[in-house]
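**Q** What would the 3D arrangement of this be:
(chains A and B)
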Amino acid sequence: MVTNKFLLFFKYIILTIILLVMIFPLLWMFRISLMPTGNSIGLINIISSQITFNNYLELFRTSNMGRFLFNSIFVGIIVTVGNIFFCFMTAYAIARYKFIVNKLLFVSVIIILMIPVHIIIIPMYILMVKAKLYDSFGALILPWLVNPIGIFLVKQYIESIPPSMEEAARIDGAGEFKILFKIVMPLCKPALAVLAIQVFFTNWNSFLFPFILTQSEQYRTLPVALALFQGHQAIDWQHLMAGSTIAVLPILLVFLMMQKQIVSGITAGGIKQ
Amino acid sequence: MKNIKTTSLVLTLPWILTFVIFWLFPLIYSIVISFSDYQLLSKSFDWVGFDNYKSLLYDQDFIQALKNTFIFVAGTIPFTTVIALGLALLINSEFPGQGIFRSGYFLPSITSMVVIALIFTNLYQRGGYVSYLASLVGFTPPENGFLYNNRTALFSIMAMDVWMASGYYMLIFLSGLKAIPKELYEAAKISGAGQIRQFFHITLPMLKPVMLFILVINSIKSFQVFVEIFVMTKGKFETSTMVYYLYEKGLTTKFQLGYASAAAYVLFIIIAIFSIIQFLLFRKRQPLW
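**A** Residues are numbered from 1 along each chain as shown, chains lettered A, B, ... in the order given. Next up is the predicted model:
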């Protein structure tokens, strides 16, 4: 028994050390964001310098931070809502209407699921330039309103629901759209919640496409702004880390509130093989 | 019936449009222009056959990017996989506080890559925290910081990636571990198999599908490493990777869209071959361990 207790204690020590290694960089970021500007980022200053929230205020005053934040939230919400509806609609059609076209559509979903996304960087850029959508909300939103992983997840979920309720409603004379949105969609809430979180997170953190498809600060999202922020001469770490904290905070809060859904989303992704 | 067909079409229309406009068309279009000398600024457009692909072979920058990408993939995936599996085994059993550790380990993977790369730029900088740690253990840190040095830059970025991704794959391993029937372990215990034998004869073989999944998605992701390179080094100090290279060729200075598309397809083929090999390795010979 003594050795067992000792082992458990030892395990906790190891687990805690790893935990510190995992969250240390985020704490580091937060600490720098609270340092007065002008203090150098030396180890001693990190520990001893006073705490101030001025960097956050200055960031909103002197840069377009408010705009970037708005863009990220705006694009994130539209893309998430779009995915909830469009992934659900497509998934329902594929799961319930067994036409050959829909089988082919499912094949298209699987193919796109596996295609490395780097291949469309150049053509997507050309497409947006030619369609006069380069540097607009359209470029940030339109390509991402429905995604193959989402369709896949929701389709699996719909297939696990017995169709008896839908059939009963159909006999009662309910239209297809009514069945779809009034009966099936509420049943899919758990899957749609997982989908919504995944889409919002991915979109919120997304850098590559927002970066190559926009130019002006007017359409710049938070990650793009942060990546381009450091371009000027010496890096202004205090403000940069304040901006980074703003970019991490919403994700962190959602994560802490909805851990169950997030973990099950990852797990579902793992099981699909 | 006809009614339902129309409904079905309406429901799937968003995906059909997205698929055709934003996936199928770009995919085909970039094959087509990879056989041309299409440049955005000079407005030139001539068919050049396989010239782009041939000149890639003689392009030192491309070869370097290819090499760096392979180093990145080969150097991160084994570490990420082993650490992720280790973490999963460590917190698999139920114990008080399990949730806190699981969430904590997972936290870096939901954070924006840009933010993580910025934080590590700070940690790796000259006189920064990592230099301090290095000197503590008696290792002389590079003079200008870890990212301004040909020998350490790429490896520093790789270390960050391993740190960041481990928690995510840990979660996937955890779901795989949960799916292993408990009876197997009980039977093994009865027949006197120790912990180590149980691990090699039950846990590892049962994790094979999950392992395959992790290897495939992790290598597809790692072959396309870009964001951290862009944020931390801009491809300097021998850190340029394939996607960074194609970004640089296609979307900066000369906008060589045709040439960059050819590079993109080379990477595409490499990833495809790699994924197929992984599938075959795992499918064919059953007892891999």
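**Q** interface residues of the stretch 51-200 of chain A facing chain B?
**A** A:82, A:86, A:89-90, A:92-94, A:97, A:99, A:101-102, A:105, A:108-109, A:112, A:114-127, A:129, A:142-143, A:145-146, A:151, A:176-177, A:180 (CB under 8 Å from any CB of the partner chain). (Glycine included, C-beta is placed from N, CA and C.)
**Q** What is the neighbour count of the residue of the stretch 101-250 of chain A found nearest chain B?
**A** Nearest to chain B in the stretch 101-250 of chain A, going by CB to the nearest CB, is residue A:123, at a distance of 3.5 Å. Neighbours of residue A:123 under the rule other CB atoms under 10 Å in any protein chain shown: 24.
**Q** How about the secondary structure of it?
**A** Following DSSP: H, G, I helix; E, B strand; the rest coil, residue A:123 is assigned to helix.
**Q** Next, the contact list for it, please.
**A** Contact analysis of residue A:123 by CB atoms under 8 Å, 6 or more residues apart in numbering or on different chains lists B:25-27, B:29-30, B:33, B:261.
**Q** Helices of the stretch 151-289 of chain B, start to end?
**A** B:153-178, B:182-190, B:195-198, B:204-206, B:208-223, B:227-232, B:242-251, B:257-283 (DSSP state H, counting those that start in this stretch).
**Q** Turn those into JSON lines, including distance to chain A, mean neighbour count and mean pLDDT.
**A** Shown next, in JSON lines, are these (distance: least, CB to the nearest CB, whole Å; neighbours: other CB atoms under 10 Å in any protein chain shown; pLDDT from 0 to 100):
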{"stretch": "helix B:153-178", "distance to chain A": "4", "mean neighbour count": "22", "mean pLDDT": "92"}
{"stretch": "helix B:182-190", "distance to chain A": "17", "mean neighbour count": "11", "mean pLDDT": "86"}
{"stretch": "helix B:195-198", "distance to chain A": "12", "mean neighbour count": "11", "mean pLDDT": "85"}
{"stretch": "helix B:204-206", "distance to chain A": "14", "mean neighbour count": "15", "mean pLDDT": "87"}
{"stretch": "helix B:208-223", "distance to chain A": "4", "mean neighbour count": "20", "mean pLDDT": "89"}
{"stretch": "helix B:227-232", "distance to chain A": "5", "mean neighbour count": "24", "mean pLDDT": "94"}
{"stretch": "helix B:242-251", "distance to chain A": "5", "mean neighbour count": "25", "mean pLDDT": "92"}
{"stretch": "helix B:257-283", "distance to chain A": "5", "mean neighbour count": "19", "mean pLDDT": "89"}
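**Q** tally of neighbours for residue A:92?
**A** 26.
**Q** quick revisit: biggest separation within the contacts of residue A:123, which pair?
**A** B:25 and B:261 (13.6 Å; CB to CB).
**Q** Ramachandran coordinates for residue B:39?
**A** Per-residue torsions, residue B:39: phi -130, psi 140 (degrees, to the nearest 10).
**Q** Who does it form a beta bridge with?
**A** For residue B:39, the beta-bridge partners under DSSP bridges are residue B:256.
**Q** Can you name the residues that contact it?
**A** Contacts of residue B:39 (CB under 8 Å, 6+ apart): B:254-258.
**Q** Could you single out the nearest of the contacts of residue A:123 to residue B:199?
**A** Closest to residue B:199, out of all of the contacts of residue A:123 and judged by CB to CB, is residue B:27, at 43.0 Å.
**Q** Confirm the closest one sits in a helix?
**A** Yes - assessed with three-state DSSP, residue B:27 lies in a helix.
**Q** So what's the residue count around it?
**A** Applying other CB under 10 Å, we find 17 residues neighbouring residue B:27.
**Q** show me the contacts for it.
**A** So, once contact is read as CB under 8 Å, 6+ apart, residue B:27 ends up touching A:115, A:119-120, A:123.
**Q** Restricted to helices, list these.
**A** Among the contacts of residue B:27, the ones falling in helices (DSSP state H) are residue A:123.
**Q** Neighbour-wise, give me the winner out of the contacts of residue B:27.
**A** Going by other CB under 10 Å, residue A:123 tops the contacts of residue B:27 with 24 neighbours.
**Q** I'd like to know how far that residue sits from residue B:30.
**A** 4 Å (CB to CB, to the nearest Å).
**Q** and the nearest residue to residue B:42 once chain neighbours are set aside, how many neighbours?
**A** Using CB to CB, 6 or more residues apart in numbering or on different chains and skipping residues adjacent in sequence, the residue nearest residue B:42 is residue B:254, 7.9 Å away. Other residues near residue B:254 come to 15 when the count uses other CB under 10 Å.
**Q** ok, now residue A:265?
**A** For residue A:265, the neighbour count with other CB under 10 Å is 22.
**Q** buried stuff in the lengthiest helix in chain B?
**A** For chain B, the longest helix by residue count, based on DSSP H, is helix B:60-90. Within helix B:60-90, the residues scored as buried using 16 or more other CB atoms under 10 Å in any protein chain shown are B:62, B:64-66, B:68-69, B:71-73, B:75-77, B:79-81, B:83-85, B:87-88.
**Q** same for chain A: which of these are within range?
**A** residue B:87.
**Q** So which residues make contact with stretch B:215-228?
**A** A:116-118, A:207-208, A:227, B:69, B:72-73, B:76-77, B:80-81, B:113-114, B:116-117, B:157, B:160-161, B:165, B:169, B:241-244, B:247, B:267, B:270-271, B:274-275, B:278-279.
**Q** er, stretch A:133-149 I mean
**A** A:71, A:74-75, A:78-79, A:82-83, A:86-87, A:90, A:109-110, A:112-113, A:124-125, A:128, A:198-199, A:203, A:209-210, A:213-216, A:218-219, A:221, A:269, B:14-15, B:18, B:21-22.
**Q** got it, and stretch A:184-194?
**A** A:84, A:88, A:92, A:153-154, A:156-158, A:161, A:165-166, A:258, A:261-262, A:264-265, A:268.
**Q** And that stretch, what's buried?
**A** Neighbour-count burial for stretch A:184-194, with 16+ other CB under 10 Å as criterion, is recorded at A:184-185, A:188, A:191-194.
**Q** quick one on the thing from earlier: what is the rounded mean pLDDT of the longest helix of chain B?
**A** For helix B:60-90, mean pLDDT rounds to 94.
**Q** Return the distance of it from the chain's centre.
**A** With CA atoms, centre = their mean, to the nearest Å as the basis, helix B:60-90 stands 8 Å off its chain's centre.
**Q** Same question for stretch B:202-210.
**A** That offset, for stretch B:202-210, works out to 22 Å (CA atoms, centre = their mean).
**Q** cool, stretch B:78-92 as well?
**A** Worked out by CA atoms, centre = their mean, stretch B:78-92 lies 17 Å from the chain centre.
**Q** Identify all contacting residues around it.
**A** A:11, A:14-15, A:18, B:98, B:101-102, B:105, B:161-162, B:165-174, B:176-178, B:203, B:207, B:211, B:214-215, B:218.
**Q** Same check on stretch B:45-62?
**A** B:34-38, B:63, B:240, B:245, B:258-259, B:261-263, B:266.
**Q** contacting residues for whatever residue of chain B ends up closest to chain A?
**A** The nearest approach of chain B to chain A comes at residue B:26, 3.5 Å away (CB to the nearest CB). Going by CB under 8 Å, 6+ apart, residue B:26 touches A:119-120, A:123-124, A:127.
**Q** where in the stretch 101-250 of chain A is pLDDT low?
**A** Applying pLDDT under 70 to the stretch 101-250 of chain A flags the ranges A:230-234.
**Q** Helices along that one, start to end?
**A** A:121-130, A:137-141, A:148-159, A:164-171, A:176-178, A:185-187, A:189-205, A:208-213, A:222-229, A:237-257.
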